[in-house]
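# sequence? don't have it. structure:
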């Protein structure tokens, strides 16, 4: 199961019903600091490695980025491309769910204001 890092401009997070099964390990507030975002992702990967044992090298740096704003998505992809990460970007929750059913992503980076998540 993937661990989630949330990006939000909301100052208070309220968990919706059914959200208890999500493994939210970090919350990064907008506008984020690059070092803060890297640290949150590395924390999620470290937790996943400890939980699952050594991560398979083929998925270790994989991140699923769920972001509807293409400018924000490009900014995150550019930033994470500087590190040891491979990012797959999807703009809609439906696409992300399909991908997660078929593949293995140790970290999902998402925001909370997706149009199809309401």
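It's in. Keep in mind that what you see is a predicted model, and the values were worked out from it rather than measured. Numbering: from 1, shown residues only.

# show me how far the helix or strand where residue 6 lies is from its chain's centre.
In this structure, residue 6 sits in strand 3-8 according to DSSP states H and E. The chain centre lies 5 Å from the centre of strand 3-8; the measure is C-alpha atoms, centre = their mean, to the nearest Å.

# may I see the buried residues of the helix or strand following that strand?
Heading C-terminal from strand 3-8, the first helix or strand you meet, by DSSP H and E, is strand 24-29. Neighbour-count burial for strand 24-29 flags 25, 26, 28 (criterion: 16 or more other C-beta atoms under 10 Å). C-beta coordinates here come from the backbone N, C-alpha and C atoms, glycine included.

# for the helix or strand following strand 24-29, packing partners?
Remark: after strand 24-29, the chain's next helix or strand is helix 34-52, criterion DSSP H and E. Packing partners of helix 34-52 (3 or more C-beta pairs under 8 Å, 6 or more residues apart in numbering; DSSP states H and E): strand 3-8, strand 24-29, helix 70-81, strand 107-111.

# so where's this structure uncertain?
Applying pLDDT under 70 to the chain flags residues 1, 9-22, 50-60, 117-118.

# tell me what the closest residue in space to residue 112 that isn't next to it in sequence is bridged to.
In space, residue 112 comes closest to residue 8 once its chain neighbours are excluded; the distance is 4.8 Å by C-beta to C-beta, 6 or more residues apart in numbering. For residue 8, the beta-bridge partners under DSSP bridges are residue 29.
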